[in-house]
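Colleague: structure, please.
(one chain, ligands or ions: 2)
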Amino acid sequence: MTSFNSVAVIGAGAYGTALACAAVRAGRDVVLYARSADGAAQMQATRNNPKLPGVSLDSSIGVTAEIAAAGRADIVLLATPAQNLREAAAALAPHLEPKTPVVACAKGIERGTHRFMTEVIAESIPDAIPAILSGPNFADDVARGLPTAVTLAARDEKLASDLVQALGSSTFRPYHTSDVRGVEIGGAAKNVLAIAAGIVVGRQLGASALAALTTRGFSELARLGRACGARSETLAGLSGLGDLVLSCSSPQSRNLAFGIALGRGEAPNSDKLAEGEFTAPVLIELAASQNVDMPVSNAVAAILNGKVTIDAAIEGLLTRPFKAEE
Ligand SMILES: NC(=O)c1ccc[n+]([C@@H]2O[C@H](COP(=O)([O-])OP(=O)(O)OC[C@H]3O[C@@H](n4cnc5c(N)ncnc54)[C@H](O)[C@@H]3O)[C@@H](O)[C@H]2O)c1
Ligand SMILES: O=P(O)(O)OC[C@H](O)CO
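Modeller: Residues are numbered from 1 along each chain as shown. Ligands and ions are numbered 1, 2, ... in the order given. All right, here's what the predicted structure looks like:
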């Protein structure tokens, strides 16, 4: 039995809505907070979210635009984009009981500050207990109740385990860890690397190149992770390698689709959130500050800010000096 009975999800986009569905399946009382009163009223009435077509919201999920209602929950999940997490946490702060677990479900690093998601929570809501949930799962799969597994990290492993008990079900299976930083780095870096994978696909460089890119991408993700104190088993787990493999190989991935469009010389769909676009510059700044070599991520960042063409970036990666595999 868990002592966490109620869950609030902040951010009624694709993932927030999917997590609300998962929390209901886990047996929790769930409230889903949408910023816009009109959006909340529409979802409450239609039981649909246009970002998750074909998914019907369980009748027990209350959709609200009252942030105070979210603040009364035993657990809060923050499912906004990474760059919006600070404003969401700040809005929640005055309404939250002290020691409430606040779980970041966004994948990214804050631009400007270089803060990881749990650091943003700690700064915005000093009384809260920050945690992070990340792993290979598409909102649509989670919402439909297809089998998924993720990692849930909190500094206190017992709390992480309690949160897993509260949120897990047979189809949404979190694994707990105390390696917060490892989970955060995997989720942030995989989006940048998935854009690179998309470019490989869009440029029709072949399946062998895609496998090589994904593997070398993991190598640099793991290098950065280790430099930041993450554990190897976390980096090779669901939130690291697992999510990288999913995002670099599945057409459902928005980051992969973003990269495919770039690789084809087309404009990416600006209606779809591709977190890697925002994470790339801060990821390479972080890597530079740790003296970590991240050639693939550097290439993505340079392409995105117009410093190099895609062809020059590919040429640059393919003509790097040969070296030992590590
Ligand atoms: N969609 C997925 O499959 C998926 C899976 C795992 C993780 N994630 C992560 O979840 C995060 C959100 O992604 P998404 O797919 O839900 O994006 P989305 O674009 O579908 O939705 C984002 C939602 O956040 C809301 N929002 C923005 N700022 C807010 C604020 N200050 N307060 C309240 N709400 C706010 C927006 O109104 C929007 O409804 C991203 O970091 C993403 O990487 C997504
Ligand atoms: O659609 P993407 O690329 O944002 O990926 C969604 C999830 O992060 C996959 O785990």
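Colleague: if I look at residue 64, how far off is residue 168?
Modeller: The gap separating residue 64 from residue 168 is 25 Å, by C-beta to C-beta, to the nearest Å. For the C-beta atoms, the positions are set from N, CA and C on the backbone; glycine is no exception.
Colleague: and if you look at residue 222?
Modeller: 27 Å.
Colleague: same check on residue 223?
Modeller: Residue 223 sits 31 Å away from residue 168, taking C-beta to C-beta as the criterion.
Colleague: neighbour-wise, which of those two wins?
Modeller: Set residue 223 next to residue 168 and count neighbours by other C-beta atoms under 10 Å: residue 168 wins out with 21 against 18.
Colleague: the more buried one touches residue 174, doesn't it?
Modeller: Yes: between residue 168 and residue 174 there is a contact at 5.1 Å, judged by C-beta atoms under 8 Å.
Colleague: can you list the residues of this protein near ligand 2?
Modeller: Selection of the chain residues close to ligand 2 by C-beta under 6 Å from any ligand atom yields 107, 136-138, 194, 243, 246-247, 253-255, 275.
Colleague: need the residues you listed in TSV (columns: pLDDT, secondary structure and distance to residue 49).
Modeller: As requested, the residues of the chain next to ligand 2 are exported to TSV (pLDDT from 0 to 100; DSSP: H, G, I helix; E, B strand; the rest coil; distance: C-beta to C-beta, whole Å):
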residue	pLDDT	secondary structure	distance to residue 49
107	98	coil	20
136	98	coil	22
137	98	coil	17
138	98	coil	14
194	98	helix	24
243	98	helix	23
246	98	helix	22
247	98	helix	22
253	98	coil	19
254	98	helix	16
255	98	helix	21
275	98	helix	19
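Colleague: most neighbours among these, which one?
Modeller: Neighbour max across the residues of the chain next to ligand 2 (other C-beta under 10 Å) = residue 194, 31 neighbours.
Colleague: residue contacts, that residue?
Modeller: 244, 247-248, 253, 255-256, 259, 276 (C-beta atoms under 8 Å, 6 or more residues apart in numbering).
Colleague: if you set the cut-off to 10 Å instead, what comes out?
Modeller: For residue 194, the contact set (C-beta atoms under 10 Å, 6 or more residues apart in numbering) comprises 214, 217, 243-250, 253-259, 274-276, 300.
Colleague: leaving out sequence neighbours, find the closest residue to the residue most central in space within the chain.
Modeller: Geometric centre of the chain, nearest residue: residue 107, 2.6 Å, by C-alpha atoms, centre = their mean. Nearest non-adjacent residue to residue 107, counting by C-beta to C-beta, 6 or more residues apart in numbering: residue 187, 3.6 Å away.
Colleague: quick one: name whatever helix or strand follows the stretch of helix or strand that neighbour belongs to.
Modeller: Remark: residue 187 resides in helix 180-202, with elements defined by DSSP states H and E. Toward the C-terminal end, the helix or strand that comes next after helix 180-202 (DSSP H and E) is helix 207-227.
Colleague: contacts for the helix or strand following that following helix, please.
Modeller: The helix or strand immediately downstream of helix 207-227 is helix 232-235, counting by DSSP H and E. For helix 232-235, the external contacting residues (C-beta under 10 Å, 6+ apart) are 151, 153, 175, 177-186, 189, 218, 221-226, 240-241, 244.
Colleague: list buried residues within these.
Modeller: Neighbour-count burial (16 or more other C-beta atoms under 10 Å) is assigned, among these, to 151, 153, 175, 177-186, 189, 218, 221-226, 240-241, 244.
Colleague: which ones are touching the residue in the chain positioned nearest to ligand 1?
Modeller: Nearest residue of the chain to ligand 1 (C-beta to the nearest ligand atom) works out as residue 13 at 1.7 Å. Shown in contact with residue 13 (C-beta under 10 Å, 6+ apart): 34-35, 49, 51-52, 79-81, 84, 139, 273.
Colleague: which of those has the most neighbours?
Modeller: Busiest of the contacts of residue 13 [other C-beta under 10 Å] is residue 79, holding 27 neighbours.
Colleague: which residues of the chain score low on pLDDT?
Modeller: Filtered on pLDDT under 70, the chain yields the residue ranges 1.
Colleague: which residues of it lie near ligand 1?
Modeller: Within the chain, the residues that sit near ligand 1 (C-beta under 6 Å from any ligand atom) are 10-16, 35, 51, 79-82, 84, 87-88, 105-108, 137-139, 273, 275.
Colleague: my guess is residue 258 meets residue 273, correct?
Modeller: Yes: here residue 258 reaches residue 273: they are 9.4 Å apart, a contact under C-beta atoms under 10 Å.
Colleague: need the residues touching each of those two.
Modeller: Among the neighbours of residue 258, those also in contact with residue 273 (C-beta under 10 Å, 6+ apart) are residue 191.
Colleague: thanks a lot, see you next time.
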